[in-house]
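A.B. asks: Just the structure for this:
(2 chains)
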Amino acid sequence: MAIAASMIPEFKLEMANTRRLLERLPEGKDDWRPHAKSYTLGQLSRHIVDTVGWFTYTMQSEGIDFAQPMPRQELSGRDALLALFDRLVPEAEGAIAGASDDAMMQQWTARAGEHVVFTVPRAGVLRSMCMNHLIHHRGQLTVYLRELDVPLPGLYGPSADEA
Amino acid sequence: MPMIEPFVAEFTREMASTRRLLERIPNEHWAWRPHPKSTPLGDLARHVVDIATWPYAIVTADKLDFLQADGRTPPSTTAELLAAFDASVAASEAALRATTDDVMQGSWSAVVGDHVIFTRPRPGVLRSFSLNHLYHHRGQLTVYLRLLDVPLPSIYGPTADDA
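C.D. replies: A predicted model of the protein is given here:
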């Protein structure tokens, strides 16, 4: 099976679950944070949605320089965030689905100015920097929403609201 | 490239960052939970360690019965937790390294007694049911530790304690 074909079912499943969680974002709580050192709810949920765009970026580039700021449009509110998510998901899926194994195994480099952070095959970037990273922050978001008394959808099994 | 190869590389890397996080769990807060509906800290940490054993079960057997106790005494201190984690990771990593494409092309079932929860191809089970599931709960654990004022190690990038 081609590498891209093996990734698509997982991508669809995880993005569907991610959307079910984002749909629960309460309005008017963007500035809430669980701890003084934490991201706000608005920052965390936006970071998760931005990570979806990284899949597309990874497919269409040979690397990234963290010293260069990524252009980003400001938005606020759950509906605007969901609209962005719904635009980014099919873009990413299309970018992954069309890739050859050669493209997936091509080396991709993350740097910070002159300093090389890592060079790994593009498939590994999709895996760790994009998918695993998104799942990590989505897990954090479930704790935020629990703290805000939002009923949670199950992701890998039933939540305490479904049991 | 053997089908298991990217899983071995990822598992090794991700379990190293998982251990750095588990090392920070304060012994005195095992029963703490951020919300009445949340899993207590100690149970969440034990769940992460349990999931680290699943790759072993996925590549060395055709199914795992969640009604069957694994015979191990559940850890009740951070030191015991780390010992259980190290044993789980070593067993899973060795089993993954020995996994052939023939095994990867087979299916695997999660069962509860006579009831089959799912039967799916092994790569997808390893991916979603074990690895992504672990990253999800590990992400939750980072918020728990932040709420307990524990300085956090980097998982995918600098934390508020590194910056």
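
A.B. asks: What distance do you get for residue A:72 to chain B?
C.D. replies: Using Cβ to the nearest Cβ, to the nearest Å, we find residue A:72 at a distance of 17 Å from chain B. No exception for glycine: its C-beta is placed from N, CA and C like everyone else's.

A.B. asks: Could you count how many residues lie near the residue of chain B found nearest chain A?
C.D. replies: Nearest to chain A, among the residues of chain B, is residue B:139, at 2.6 Å (Cβ to the nearest Cβ). Residues lying near residue B:139 (other Cβ atoms under 10 Å in any protein chain shown) number 24.

A.B. asks: all strands of chain B, in order?
C.D. replies: Ranges of strands within chain B are B:63-65, B:107-112, B:115-121, based on DSSP state E.

A.B. asks: Just send those strands back as CSV, with mean neighbour count and mean pLDDT too.
C.D. replies: Formatted as CSV, those follow (neighbours: other Cβ atoms under 10 Å in any protein chain shown; pLDDT from 0 to 100):
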stretch, mean neighbour count, mean pLDDT
strand B:63-65, 17, 94
strand B:107-112, 16, 96
strand B:115-121, 13, 94
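
A.B. asks: Dump those strands to a markdown table, plus distance to residue A:25.
C.D. replies: Output for the strands of chain B, formatted as a markdown table (distance: least, Cβ to Cβ, whole Å):
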| stretch | distance to residue A:25 |
| --- | --- |
| strand B:63-65 | 35 |
| strand B:107-112 | 31 |
| strand B:115-121 | 29 |
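
A.B. asks: now for the ones you listed, which one comes closest to residue A:162?
C.D. replies: Of all the strands of chain B, strand B:115-121 sits nearest to residue A:162, with 15.0 Å by Cβ to Cβ.

A.B. asks: Partner strands of the closest one, with direction?
C.D. replies: Applying DSSP bridges, strand B:115-121 is found paired with strand B:107-112 (antiparallel).

A.B. asks: So residue B:89 sits against residue B:54, correct?
C.D. replies: No. The pair residue B:89 / residue B:54 is not scored as a contact, 11.5 Å apart, by Cβ atoms under 8 Å.

A.B. asks: so what's residue A:163 scoring on pLDDT?
C.D. replies: Looking at residue A:163, its pLDDT stands at 67.

A.B. asks: go on, residue B:59?
C.D. replies: Value listed for residue B:59 in the pLDDT field: 98.

A.B. asks: so what's it closest to, chain neighbours aside?
C.D. replies: Spatial nearest neighbour of residue B:59, excluding adjacent residues (Cβ to Cβ, 6 or more residues apart in numbering or on different chains): residue B:99 at 4.4 Å.

A.B. asks: Let me know how buried the one you found is, in neighbour terms.
C.D. replies: By other Cβ under 10 Å, the residues close to residue B:99 number 21.

A.B. asks: Over to residue A:151?
C.D. replies: Here the count is done by other Cβ under 10 Å, and residue A:151 has 12 residues near it.

A.B. asks: Using the three-state scheme, assign it.
C.D. replies: Judged by DSSP: H, G, I helix; E, B strand; the rest coil, the three-state class of residue A:151 is coil.

A.B. asks: Leaving out sequence neighbours, find the closest residue to it.
C.D. replies: With Cβ to Cβ, 6+ apart as the criterion, residue A:151 has its nearest non-adjacent residue at 4.2 Å, and that residue is residue A:161.

A.B. asks: right, and the one you found touches residue A:152 too?
C.D. replies: Yes. With contact defined as Cβ under 8 Å, residue A:161 reaches residue A:152; the gap is 5.6 Å.

A.B. asks: Contact residues of chain B facing chain A?
C.D. replies: By Cβ under 8 Å from any Cβ of the partner chain, the residues of chain B that approach chain A are B:6, B:9-10, B:13-14, B:34-35, B:37-38, B:123-124, B:127-129, B:131-133, B:135-140, B:142-144, B:146-147, B:149, B:155-156, B:160-161.

A.B. asks: ok, back up a step: can you tell me how far the residue of chain B closest to chain A is from residue A:64?
C.D. replies: Remark: distance between residue B:139 and residue A:64 (Cβ to Cβ, to the nearest Å) = 22 Å.
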